[in-house]
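**Student:** Fold the following.
(one chain, ligands or ions: 1)
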Amino acid sequence: MLVEGYVSTDGPYTGLTKDQLLECAYCPLWVRVRCLLLVAYWTSWLVMLAGAITLVVVTPKCLTPEPLQWWQLSPAYQVYPLSYQDGSHPPDGFGDILGIESRLDYIKDLGVGAIWLSPIYKSPMKDFGYDIQDFRDIAPVFGTMDDFHSLSRAMKERGIKLVLDFVPNHSSNLHEWFQKSVKREAPYTDYYVWTDAKGFEPEGTPIPPNNWRSVFGGSAWEWNQERHQFYLHQFLKEQPDLNYRNPWVLQEMKNVLQFWLDQGVDGFRMDAVAHLLEDEELRDEPVKDEDSIDEYSQLDHKYTFNLPKVLDILREFRILLDKNSENGTKIMITEVYMPVEKLMAYYGNKSHPIAHFPFNFELISVSQENISAQSIYSTIMTWMDNLPKGAWPNWVSGNHDNSRMATRFGNELVDAINMIMLLLPGTPVTYNGEEMGMEDTDVSWEQTKDTVGINAGPMKYKLFSRDPERTPMQWNAGMNAGFSTANQTWLPVNPNYKTLNVQSQLNAKWSHIKVYKLLAKARKTEAIMNGELAIRVLEDCVLVYTRVKKGFPGYMVVVNFAVDTVIVDLTKLDHVPNESFIYVFSTTYAHSFTAKKRISNSEVMMPGQGGMVLTFVPEFPEETIPL
Ligand code: BGC
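**Tutor:** Modelled structure (predicted):
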């Protein structure tokens, strides 16, 4: 076949010969063309590469948040061991370690990631275990060291962390250190805060060195006839204060921490830490309010509370914890009741961290009289506005020292407060029983005083027992609410247990526990873990906040604190679209609400005293990419 335009004289075309090809290849014209093409090829590659690198460098980055740690991921749950579950054989009416172990599946199922255990150490129980006789042993009423290890193993198997109460301010007067200190035996002579009497009354009564008061009422000084000196006790006289001006004491307490770290615990809740140091000159405290409700609050505690060096001691504890943190953070939570602005110092700073978080008791300080959308708004904002940069918030709704949530705010608001608390940025801390809305029990001083084997109670509580929130956990409608099969329980079970108990709430279609579990689940989402918080009060009585992270479903908590129904326009909040879906709602709304229902955000009907959580697809204004 002939190729058009090519004339062959010798028959059909067979292509160029090798020699002809080589001749063409070395022809200067083709050499130049080839070179040009090669240069063009590589230049365009280089230009593209440079372009790509420039784009990567110039384009604003999405900051990847630091991965959160175990103590940030799930709610923490305070277990009050005396009241959780009696697991002894035969039953004795007191909660104990084996009892707690038997309830771990329930705790896991709630969605809780860590348990803070109130004291389980050997103690004469004058202050329910906060008076410790041996910091390294377990009180027989709670079980044995083997029981402790068994609990700790069972918790590890379930991925639940264990945080112990650590009581550094004082020991029991029965502690060996105190006994030896009384006798001035070295090195214990100055392990406690001892001082001479200011003088003696004519009839010989020793006069305390100053006007310092115990938190529980009366003078903070107790005369010891044997040593012929006063010792300091900021709590009960059976709880002498340790002397942190003696470096050996600090070392002893660090050894105690190390002991429990070696047992595998994951951290500590540190009790009453603002009391660790007092004025060396023992100066009188100024009287600030003669008419105050109790003696302790009459004084301005400038010489016994929150002395600057307290933070140095806590910093030492933190360093020790960090040294033990190779396989995960060992957490430090501090307990101090003080105004938020001052409390923030307990976080320390980036180079010298102290607590992972100091407990935030702001929600506890809200009472039934002053609860409102506005007061909860201020409570949240006070914490968030004062929070040091990079610090992690936390929210506490109740504990063994304060009236229960349902009693403070009313049963209707239990879910609403849990919604607010569980979906805010930070770690929520739930006191056992609050997940089902347990209420305070009428317990008289006499009943507290006469509890089986425990003859406890500070003076101040002679009028009002301090145990209403400490009564046994209500598991079911059976004998003693399923807490114990003993004839008598250490505190009476609340008579409402027949209807208010775990089992009935788990069986019910809708209940506080069911709400709690859904909230704990929602916490795991990206918007709750790492999203922004925006919060507002609408129509005076509705608190709304959103949690939004671009690219992920948003969450919105809406709570109506008023008694009457109100209609709100939720589209007033940034990123909120016209529609959202109901994720969870208060038990008080159960009659008219349905989960997953689509609702219009511009007109949301909120019945009184309740709340709901909505999910939505957040809207963001179109971004213009600069050319
Ligand atoms: C505890 C109390 C205890 C006190 C003294 C508080 O912080 O929570 O229950 O009585 O410290 O240890």
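
**Student:** Can you tell me the SS state at the residue in the stretch 351-500 of the chain positioned nearest to the ligand?
**Tutor:** Nearest to the ligand, among the residues of the stretch 351-500 of the chain, is Asp401, at 4.7 Å (Cβ to the nearest ligand atom). Using the backbone N, CA and C atoms, a C-beta is placed for each residue, glycine as well. Using DSSP: H, G, I helix; E, B strand; the rest coil, the structure places Asp401 in coil.

**Student:** residue contacts, it?
**Tutor:** 466, 469 (Cβ atoms under 8 Å, 6 or more residues apart in numbering).

**Student:** Just the pLDDT for it.
**Tutor:** Note for Asp401: predicted pLDDT of 94.

**Student:** Tally up the residues packed near the nearest residue to Gly433 once chain neighbours are set aside, please.
**Tutor:** Distances taken as Cβ to Cβ, 6 or more residues apart in numbering put Met473 closest to Gly433, at 5.8 Å, once the chain neighbours are dropped. Here the count is done by other Cβ atoms under 10 Å, and Met473 has 25 residues near it.

**Student:** Can you name the residues of the stretch 251-400 of the chain that neighbour the ligand?
**Tutor:** 271-272, 335, 400 (Cβ under 6 Å from any ligand atom).

**Student:** which two from the residues you listed end up farthest apart in space?
**Tutor:** For these, the farthest-apart pair by Cβ to Cβ is Ala272 and His400; their separation is 13.2 Å.

**Student:** of the two, who's got more company?
**Tutor:** Per other Cβ under 10 Å, whichever of Ala272 and His400 has more neighbours is Ala272, with 21 against 18.

**Student:** correct me, but that one touches Asn169?
**Tutor:** Yes: between Ala272 and Asn169 there is a contact at 4.8 Å, judged by Cβ atoms under 8 Å.

**Student:** Between these two, which contacts overlap?
**Tutor:** Common neighbours of Ala272 and Asn169 (criterion: Cβ under 8 Å, 6+ apart): 234-235.

**Student:** did I read that right, Ser484 in a strand?
**Tutor:** No: assessed with three-state DSSP, Ser484 is coil; it does not lie in a strand.

**Student:** Now do the contacts for the closest residue in space to it that isn't next to it in sequence.
**Tutor:** Once flanking residues are discounted, Ser484 sits nearest to Asp86: 3.4 Å by Cβ to Cβ, 6+ apart. By Cβ under 8 Å, 6+ apart, the contact set of Asp86 is 92-96, 99, 483-486, 489.

**Student:** Any of the residues you listed buried? List them.
**Tutor:** The neighbour count (16 or more other Cβ atoms under 10 Å) marks 92-96, 99, 483-484, 486, 489 as buried among the contacts of Asp86.

**Student:** Identify the residues contacting stretch 118-130?
**Tutor:** Applying Cβ under 8 Å, 6+ apart, the set of residues contacting stretch 118-130 is 78-82, 97, 131-143, 148, 164-165, 167, 172, 174, 235-236, 238-239, 271, 400, 453-456, 458, 470.

**Student:** what about it, how long is it end to end?
**Tutor:** 9 Å (Cα to Cα, to the nearest Å).

**Student:** any idea of the mean pLDDT in it?
**Tutor:** Rounded mean pLDDT across stretch 118-130 is 94.

**Student:** Show me how this protein divides into domains.
**Tutor:** Annotated domains of the chain cover 18-58, 71-169+242-516, 176-232, 526-616 [automatic domain parsing].

**Student:** now the ones you listed as TSV including distance to Glu622?
**Tutor:** As requested, those are arranged in TSV below (distance: least, Cβ to Cβ, whole Å):
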stretch	distance to Glu622
domain 18-58	21
domain 71-169+242-516	28
domain 176-232	59
domain 526-616	13
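
**Student:** Which one, of the ones you listed, ends up nearest to Pro65?
**Tutor:** domain 526-616 (4.7 Å).

**Student:** Need the distance between the two termini of that closest one.
**Tutor:** 13 Å.

**Student:** Check stretch 222-241 too.
**Tutor:** End-to-end distance (Cα to Cα), stretch 222-241: 11 Å.

**Student:** cool, stretch 470-479 as well?
**Tutor:** First residue to last in stretch 470-479 (Cα to Cα) measures 18 Å.

**Student:** For the chain, which helix or strand comes out least confident on mean pLDDT?
**Tutor:** helix 445-449 (a mean of 68; mean pLDDT, DSSP states H and E).

**Student:** Would you work out how far apart the start and end of stretch 392-409 are?
**Tutor:** Per Cα to Cα, stretch 392-409 runs 26 Å from first to last residue.

**Student:** Quick one: residues in contact with the helix or strand hosting Arg269.
**Tutor:** Element membership of Arg269 [criterion: DSSP states H and E] is strand 267-270. By Cβ under 8 Å, 6+ apart, the list of residues contacting strand 267-270 from outside reads 71, 114, 116, 161, 163-166, 168, 257, 260, 314, 317, 321, 329-335, 355-356, 359.

**Student:** Just the buried ones from these?
**Tutor:** 71, 114, 116, 161, 163-166, 168, 257, 260, 314, 317, 321, 329-335, 355-356, 359.

**Student:** and Trp383, what does it touch?
**Tutor:** Residues in contact with Trp383, defined by Cβ under 8 Å, 6+ apart, are 340, 360, 362, 393.

**Student:** ok, now His228?
**Tutor:** Going by Cβ under 8 Å, 6+ apart, His228 touches no other residue.

**Student:** gap between it and the ligand?
**Tutor:** Using Cβ to the nearest ligand atom, to the nearest Å, His228 is found at 27 Å from the ligand.

**Student:** Read off the pLDDT value for that residue.
**Tutor:** So, for His228, pLDDT stands at 98.

**Student:** same thing with Met529?
**Tutor:** 97.

**Student:** That one reaches Pro67, doesn't it?
**Tutor:** No: counting by Cβ under 8 Å, Met529 stays clear of Pro67, with 10.0 Å between them.
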